[in-house]
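Undergrad: Provided below are the primary sequence and the corresponding predicted coordinates.
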Amino acid sequence: MPIYEYELADGGSCKICKGKFELRRPVDRPALTHCPLCRKPVRKVVSQVNTPKVTKPLSVSDAKKAGFTIFEKRDVGVYEKL
């Protein structure tokens, strides 16, 4: 289940939800229109995507260990399987 971020639609703050909150919801459910705690109108915020950081480039042996098939370019449109 993804985590969705919401904030109050009027840009104000609330003592209960602090104006922003995160909520885990199934993808097939519609977006919230009101805060479940204070019942004020809310809007969904587009948040940053969390991607893994690669610390070093993958070598051919690392890629093979991960189950990838490695091809090397030999000519225009010609690749050889390593």
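TA: Arrived safely.

Undergrad: what about the residue nearest the centre of the chain, which helix or strand?
TA: What sits nearest the mean C-alpha location of the chain, by Cα atoms, centre = their mean, is residue 49, with 3.8 Å. Under DSSP states H and E, no helix or strand contains residue 49.

Undergrad: I'd like to know how far it sits from residue 41.
TA: Distance, residue 49 to residue 41, using Cβ to Cβ, to the nearest Å: 26 Å. C-beta coordinates here come from the backbone N, C-alpha and C atoms, glycine included.

Undergrad: Check whether residue 35 really touches residue 8, as I assumed.
TA: Yes - with contact defined as Cβ atoms under 8 Å, residue 35 counts as touching residue 8 (7.2 Å).

Undergrad: intersection of neighbour lists for these two?
TA: Common neighbours of residue 35 and residue 8 are listed as 14, 17, 41-42 (criterion: Cβ atoms under 8 Å, 6 or more residues apart in numbering).

Undergrad: That concludes my questions; thank you for your assistance.
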